[in-house]
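S.K.: Model the following, please.
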Amino acid sequence: MIRTILIVLFLVIFFIAGIFIWAVTAVIGHFNPYRQDMICLRAVQFAFKIVLLISGVRTEVRGEENVPKDEAVLYIGNHRSYFDIVITYARCPGLTGYVAKDSMLKIPFLRIWMKRLHCLFLDRTDIKAGLKMVLTGIDQIKNGISMCIFPEGTRVKGENELDMLPFKEGSLKMAEKSGCAIIPMAIVHSADIFEKHIPFIRKTNVVLIYGEPVYVKDLDKEQRKHLGSYTQDIIRKMLEAELEVQNG
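M.R.: Residues are numbered from 1 along each chain as shown. Reported below is the predicted structural model:
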């Protein structure tokens, strides 16, 4: 419980400090918007790294060389924990927006940070709003801002690390229409941090694996037609390989 309390206290302090950060970056943004974005990115990444440190999370990263440093990409990953966002965002090399549920807009301060960091919000009940969100994501990628989506649409609560919900095909449209690389991410043991024993946070070793870039233009017609299931199969194989190594 002590880790949970410390994280809450730290986040309160960070949100208070965020008022000062917003004031400073607002001035900087008037002259250099990119510099403003990068300061906000690094500030949040610093905060996330502190959260992971307090939580006792050790992240073993593999395949990070597969992430292009000079172009925007679409990150795609399996999703079992709130900490998936903290773990992956802390390592983004450049500006990256995440796709989140529109219910996040109801949280004060958090929504301001998320908007500042180019996150997009999905209303699952409004098809037109969803299409507009995808088009915005395409524009952001074309403007050099990477995007990250967890295509299952929600956290998976199964005990088996291989349990996944079907990937929603529409979530891959950003890569299909922008031509950017898809970076598959396999995240192992993240649910052991919090979800398996709420409200306690436990010291955990998490593995984050980045797969080789996938370019839609290089796929055949059938693979492009079922891009969601195609990328899910890649992530599943990454998870299977990792679990096989861990199990000896």
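S.K.: Okay, now the unreliable bits of this protein?
M.R.: Counting by pLDDT under 70, the chain shows no low-confidence range.
S.K.: can you give me the strands for it?
M.R.: 57-62, 73-77, 96-101, 120-122, 146-149, 181-188, 204-210, 214-215 (DSSP state E).
S.K.: contacting residues for Ile141?
M.R.: 72-74, 147, 174-175, 178, 180 (CB atoms under 8 Å, 6 or more residues apart in numbering). Just so you know, the C-beta spots here come from the backbone N, C-alpha and C atoms, and that holds for glycine as well.
S.K.: which among those residues gets closest to Gln140?
M.R.: Met147 (6.3 Å; CB to CB).
S.K.: will you turn the strands of the chain into TSV that also has mean neighbour count and distance to Met133?
M.R.: Below are the strands of the chain laid out as TSV (neighbours: other CB atoms under 10 Å; distance: least, CB to CB, whole Å):
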stretch	mean neighbour count	distance to Met133
strand 57-62	16	29
strand 73-77	26	14
strand 96-101	20	7
strand 120-122	20	5
strand 146-149	26	10
strand 181-188	24	18
strand 204-210	20	25
strand 214-215	16	22
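S.K.: Export those strands to CSV and append columns for distance to Phe15.
M.R.: Listed next are the strands of the chain as CSV, based on distance: least, CB to CB, whole Å:
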stretch, distance to Phe15
strand 57-62, 21
strand 73-77, 25
strand 96-101, 17
strand 120-122, 19
strand 146-149, 22
strand 181-188, 26
strand 204-210, 25
strand 214-215, 37
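S.K.: Show the secondary-structure elements that the longest helix seen in the chain is packed against.
M.R.: Longest helix of the chain, by residue count under DSSP state H: helix 2-31. In terms of contacts (3 or more CB pairs under 8 Å, 6 or more residues apart in numbering; DSSP states H and E), helix 2-31 is packed against helix 33-55, helix 110-116.
S.K.: make it 7 Å
M.R.: Packing partners of helix 2-31 (3 or more CB pairs under 7 Å, 6 or more residues apart in numbering; DSSP states H and E): helix 33-55.
S.K.: what's the helix it packs on in contact with?
M.R.: 3, 6-7, 10, 14, 21, 25, 28-29, 59, 86-87, 89-90, 95, 113, 116-117, 193, 201 (CB atoms under 7 Å, 6 or more residues apart in numbering).
S.K.: same thing but 6 Å
M.R.: For helix 33-55, the external contacting residues (CB atoms under 6 Å, 6 or more residues apart in numbering) are 3, 6-7, 14, 21, 25, 28-29, 86, 89-90, 95, 116-117, 201.
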